[in-house]
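>>> Using only what follows, build the 3D model:
(one chain, ligands or ions: 1)
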Amino acid sequence: MSRPRVLFVSHMDGISGAEQVLVDLAKAWRDAAAFVFRAGPLSTALSDLGLDVTIPTGGNDLSVIRKDKPLLLALPSTLATISGLVGALARRARDCDLVYANSQKAFTLSALACLMARRPLIWHLHDSLDRQHFGATQRRMQITLANRLASRVIVPSEAAAAAFRAAGGRPGHVATIANGRDLAIDPAGKAELRQRLGLPAGPLVGVFSRLAAWKGQDVFLRALARCPDVTGIVVGSAMFAEDDFEMRLKALAREVAIEHRVRFLGRREDVPALMQAMDAVVHPSVAPEPFGLTLVEAMLVGVAVVASSTGACSEILADGRCGQLVEPGSVDGFAAAMRTAVAAPDAVRRQVAAATERARTVYSLARMQNGISALIHAHAAGAKP
Ligand code: GLC
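Just a heads-up that it's a prediction; the model follows:
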């Protein structure tokens, strides 16, 4: 088959890690189509790349269903919306050779649409299907759909693949293709960057991810309280109805008396420059991380990394060769590792050098694009007319 026509599907409007991966993949698929449930930064980014983007009516209504609730157990009123979306998706899929779902909701609806349209379906699963993230019913339903209706499931790490298999996923069904990033490095030094970004001189560490309880920003704040000379920044915003967590974090900063040493910067478009201005990037997830794109970004810009030894973090940091690993939730452990990182002894400098090399090779954008594109070609070739 010549170049297949691909339909990328996402239910998200904003751009978090999973959507960043989709946008980066789409740079190699500018002639593809996309079906995005709600208009927003993601649909704009895909259109800007040249993709032919459809935004259906009714997609907004699905936002009331949280990620840990099975979509097919939704209220009857929502089921009408779902069937409308599945119909629209099936019509769009018929013009394409393969459908590629980038989120759980997108996968559930795409699975039904692909049954109707008789098209192969790849599910890029950006979650760890484990009990810390999902209830038993949700896991069972997603795995059943995946085993029966997906041609292939892509996960970004061995940890996510193991969770998929442990939840009952067919072993041969899952392909591990690590996420990749390509970032422009700012030629400015740390001091100049800090001045430009309005950040203080002196020891400075940051945490970069959406604000969510399982991402562990509270552990970061408690650890920061035990590092008296260090200033911290918290970058990211709440995305999945977790605004109360943001308020709790700000209250915690006051409670542990560090409100003068921590800045909440919200969602930012200049993450690489901010990271480059840090002495260390901290990633304190308390539940298994399916990947942790932020780690690769920090590695690429050459900043020391401190992360929980959970999920994919150990894999990405090569079991500690490329950054310090700390037991998830250990406030003392994070405080000690943060102090070591800002002191930058030779051991940390060696980790940073190894990390940059690893990120440029193992986690390059080209490697991810090529790996996924090869799967798309292979499965599209089996598409039924
Ligand atoms: C999700 C995961 C994160 C991963 C990203 C891209 O946001 O929580 O670990 O880096 O998807 O796969």
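
>>> contacts and neighbour counts: CA atoms only from here.
Fine.

>>> Tell me how many other residues surround the residue of the stretch 51-200 of the chain found nearest the ligand.
Closest to the ligand within the stretch 51-200 of the chain is residue 126: 4.4 Å, counting by Cα to the nearest ligand atom. Here the count is done by other Cα atoms under 10 Å, and residue 126 has 22 residues near it.

>>> In contact with it, which residues?
The contact partners of residue 126, by Cα atoms under 8 Å, 6 or more residues apart in numbering, come to 18, 102, 103, 155, 156, 290, 291.

>>> if you go through the stretch 201-350 of the chain in chain order, where are the helices?
Assigned by DSSP state H, counting those that start in this stretch, the helices in the stretch 201-350 of the chain fall at 217-225, 243-255, 271-276, 293-301, 313-316, 331-343, 346-361.

>>> Could you list the buried residues of the second one?
Read that as helix 243-255. Going by neighbour count (16 or more other Cα atoms under 10 Å), the buried part of helix 243-255 is 245, 246, 249, 250, 252, 253.

>>> wait, what's in contact with the last one?
The contact partners of residue 253, by Cα under 8 Å, 6+ apart, come to 221, 259, 262.

>>> Make CSV from those residues and add pLDDT to it.
Shown next, in CSV, are those (pLDDT from 0 to 100):
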residue, pLDDT
221, 98
259, 96
262, 98
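
>>> The ligand is nearest to which of the helices of the stretch 201-350 of the chain?
Short answer: helix 293-301, nearest of the helices of the stretch 201-350 of the chain by Cα to the nearest ligand atom, at 4.0 Å.

>>> before we move on, back to that, export the contacts of residue 253 to TSV and tack on distance to the ligand?
Formatted as TSV, the contacts of residue 253 follow (distance: Cα to the nearest ligand atom, whole Å):
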residue	distance to the ligand
221	20
259	27
262	24
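
>>> Just the buried residues from these, in ChimeraX please.
Buried subset of the contacts of residue 253, written as a ChimeraX selection, criterion 16+ other Cα under 10 Å:
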select :221,259,262
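
>>> tell me the secondary structure for residue 168?
coil (DSSP: H, G, I helix; E, B strand; the rest coil).

>>> And it, what's its pLDDT?
Here, the pLDDT recorded for residue 168 equals 97.

>>> try residue 206
At residue 206, the model reports a pLDDT of 98.

>>> How about the one 10 residues further on?
Turning to residue 216, the model gives it a pLDDT of 97.

>>> residues contacting residue 153?
Contacts of residue 153 by Cα under 8 Å, 6+ apart are 122, 123, 124, 125, 146, 173, 174, 175.

>>> which ones among these are found in strands?
122, 123, 124, 174, 175 (DSSP state E).

>>> so how many other residues sit close to the third one?
When counting by other Cα under 10 Å, one arrives at 26 neighbours for residue 124.

>>> quick one, what contacts it?
Residue 124 neighbours (Cα under 8 Å, 6+ apart): 100, 101, 102, 103, 153, 154, 155.

>>> In CSV: the helices of the stretch 201-350 of the chain, plus distance to residue 196.
Output for the helices of the stretch 201-350 of the chain, formatted as CSV (distance: least, Cα to Cα, whole Å):
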stretch, distance to residue 196
helix 217-225, 24
helix 243-255, 25
helix 271-276, 10
helix 293-301, 17
helix 313-316, 31
helix 331-343, 21
helix 346-361, 24
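
>>> Show me what from the protein comes close to the ligand.
16, 17, 18, 126, 127, 156, 289, 290, 291, 292, 293 (Cα under 6 Å from any ligand atom).

>>> hang on, the earlier thing: phi first, then psi, for the residue of the stretch 51-200 of the chain closest to the ligand.
Note on residue 126: backbone dihedrals following degrees, to the nearest 10 are phi -100, psi 10.
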